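**Student:** Okay, sequence plus prediction incoming.
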Amino acid sequence: MIQEEDRRKCWCEDLCPVFVSRTPENPGKKFWGCPNYMGEGGCGFFRWVDDEGIQKQDMMPQSNRITEQRQMMALMQMVVVLLGAILFILVLVLCKI
């Protein structure tokens, strides 16, 4: 039985209900999850109840990882463009054109 003091808050700061896994890999295993997981804006918080105190699993949802990767790629592209512009200006200055 989950005690009130064992309740967890997700990264949305909402109290997480306890869900029961229905997957073949973890049938019947209890976990805390973000109550907004079905709607937009959920944080993707996830933690197994059984692992509390042994191994904490804060799993970032796949969509957040993809978003972070896209943001990193956009930042890297901006850096490459900026470095190219600086190099071009240096060449112009050195050639006195």
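**Tutor:** Right, received. Where do you want to start? Numbers count the residues shown, from 1 in each chain.
**Student:** Helix or strand for L92, just tell me which one.
**Tutor:** Under the criterion of DSSP states H and E, L92 resides in helix 62-95.
**Student:** pLDDT on that helix, on average?
**Tutor:** Confidence for helix 62-95, expressed as mean pLDDT, is 86.
**Student:** and if you look at stretch 14-28?
**Tutor:** Average pLDDT, stretch 14-28: 88.
**Student:** got the buried residues for that stretch?
**Tutor:** Buried residues in stretch 14-28, counted by 16 or more other Cβ atoms under 10 Å: C16. Backbone N, C-alpha and C define where each C-beta goes, glycine included.
**Student:** Quote the end-to-end distance of that stretch.
**Tutor:** 24 Å (Cα to Cα, to the nearest Å).
**Student:** Kindly report the same for stretch 9-17.
**Tutor:** 9 Å.
**Student:** hmm, who's touching it?
**Tutor:** With Cβ atoms under 8 Å, 6 or more residues apart in numbering as the contact definition, stretch 9-17 has outside contacts at 7-8, 32-36, 41-45, 47.
**Student:** Can you give me the domain assignment for this structure?
**Tutor:** The chain resolves into domains spanning 1-59, 62-97 when parsed by automatic domain parsing.
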